[in-house]
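1. Kindly generate the corresponding structure for this input.
(one chain, ligands or ions: 2)
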Amino acid sequence: MNDDRPLDWVNAAFMTATPLIAVLGTVWYAWNYGVNRLDVANFGLMFVLTSIAVTGGYHRYYSHKSYECSKAVQLFYLVFGAAAVENSVLNWASDHRVHHRFVDTPEDPYNILRGGLYAHMGWIFYKDTRDRDRRYANVPDLRKDPLVMWQHRWYLPLVVLFTFALPTWLGLLYGRPVGGLLWGGFLRVVLVHHTTFFINSLAHLYGEKPYSLKDTARDSWWLAPLTFGEGYHNFHHKFQADYRNGIRWWQFDSTKWWINVLTWTGQAWRLRRTPEPLILKARLEVQKQAVAEKLAAANASERMWNRIHARLDAGAARLQSAHAAYLAARAEYRHRYDEWTHEMRRQWDETLAARRAEYKAARERWSGMMTAMNRLSNPSPQSLLTLTAFLDVARRRFF
Ligand SMILES: [Zn+2]
Ligand SMILES: [Zn+2]
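-> Ligands and ions are numbered 1, 2, ... in the order given. Next up is the predicted model:
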């Protein structure tokens, strides 16, 4: 992707005209014919269907193969994915796989280092000049999929039918075809565009990096509800094969919930989850790296450096083994509970509670150690405060 790529006039015209029609047209229509709740419902329905087709289909199913699903679900993804007007899934997934592989480099199609606006939508204004074979070399699985190739071939008619004709027809059912076209068609497509684009821009600019410091991807809890759960982008870049982006039950990830509903109804299966120990390991690595950076900034002596590193490694290892012991006890408890006698169940209740308490205690000791070590950061390395913090870390028994 070079700067000298020619402008893509079709994309540029569409990306400029749709927001204008969406805003001016909807305001004009509301002024003359009022706002009807069925227009709003049309918008809401089309917004949810096309967003899910992009996040659950284009992204987590086709680009990452993070689960398997029925042909009916695939067809839904392809039809409503086309209605998001973000290209055929073959092109979308190919670009997205390049993004993951070459993130933050000139090869990345929506490279954030070229600026937020470029990553958000600027990149779409330029023609893709790669030759066909090179472009599709990373999607051999999709090229073999007849449904994907059908969508690729019929992409434009599908766009016309499902982006514009369908919401107009819905509008016709309640006597407001123009309202349907403006609300469910234009306004909706513009909002789906920008919520998708937020992942390429905002999710690479704002938020935390709990799982990896290697690239610009970030976790933003506030971006998650706007993007059907895709705001947990740091986790996603680290563990891209996971069908979840927000892995905790309390993290808003409506695409994960959608896939769970598909599973309960027999429409999806083989959901890929990252093993818990790997997730913990990634988090600990990031925290250890943060401490190492502070030690470097504080000009710690080599002796102190080695001592603290040894403590960090030992602490992380203890926490990981307490975690593994708890997971093993929990798995045993879940899988064998039905076979156990009343007395065995009572004993296992106690064992599981003990393992959970040990894990919780290890977590608390680790965060105590992190708090103490993070105090090492100080603008003046020789200050008394830094010295006291060093001594504290060196002497205290965390584990
Ligand atoms: Zn990304
Ligand atoms: Zn991805």
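
2. and the helix or strand where residue 371 lies, what does it pack onto?
-> Taking DSSP states H and E as the criterion, residue 371 maps to helix 342-374. Other helices and strands packing on helix 342-374, by 3 or more Cβ pairs under 8 Å, 6 or more residues apart in numbering; DSSP states H and E, are helix 276-297, helix 302-336, helix 384-395. C-beta here means a position set from N, CA and C on the backbone, and glycine is covered the same way.

3. Show me what counts as buried in it.
-> By neighbour count on 16 or more other Cβ atoms under 10 Å, the buried set for helix 342-374 is 348, 352, 355, 358, 359, 362, 365, 366, 369, 370, 372, 373.

4. ok, of the helices and strands packed on helix 342-374, where does mean pLDDT dip lowest?
-> Note on those: lowest mean pLDDT is at helix 384-395, with a mean of 61.

5. Could you pull up the residues touching residue 170?
-> 42, 45, 180, 184 (Cβ atoms under 8 Å, 6 or more residues apart in numbering).

6. So it belongs to a strand, correct?
-> No: with DSSP: H, G, I helix; E, B strand; the rest coil as the criterion, residue 170 is helix rather than part of a strand.

7. can you pull the pLDDT of it?
-> So, for residue 170, pLDDT stands at 97.

8. Under the pLDDT cut-off, which ranges of the stretch 101-250 of the chain? List them.
-> The stretch 101-250 of the chain contains no residues with pLDDT under 70.

9. tell me the domain boundaries of the protein?
-> Following automatic domain parsing, the chain resolves into domains at 9-269, 276-395.

10. just those: most buried one?
-> Comparing those by mean neighbour count (mean count of other Cβ atoms under 10 Å), domain 9-269 ranks first with a mean of 19.

11. end-to-end on that one?
-> In domain 9-269, first residue to last residue: 41 Å (Cα to Cα, to the nearest Å).

12. How about stretch 242-260?
-> The straight-line separation of the ends of stretch 242-260 (Cα to Cα) is 13 Å.

13. That one: how far from the chain's middle?
-> Taking the mean of its C-alpha atoms, stretch 242-260 sits 9 Å from the chain's own mean (Cα atoms, centre = their mean, to the nearest Å).

14. Run through who's touching that stretch.
-> 52, 55-56, 59-60, 66-67, 221, 224-225, 228-233, 235-236, 268, 271-274, 279.

15. Inside strands: which ones of those?
-> Applying DSSP state E to the contacts of stretch 242-260, the entries found in strands are residue 268.
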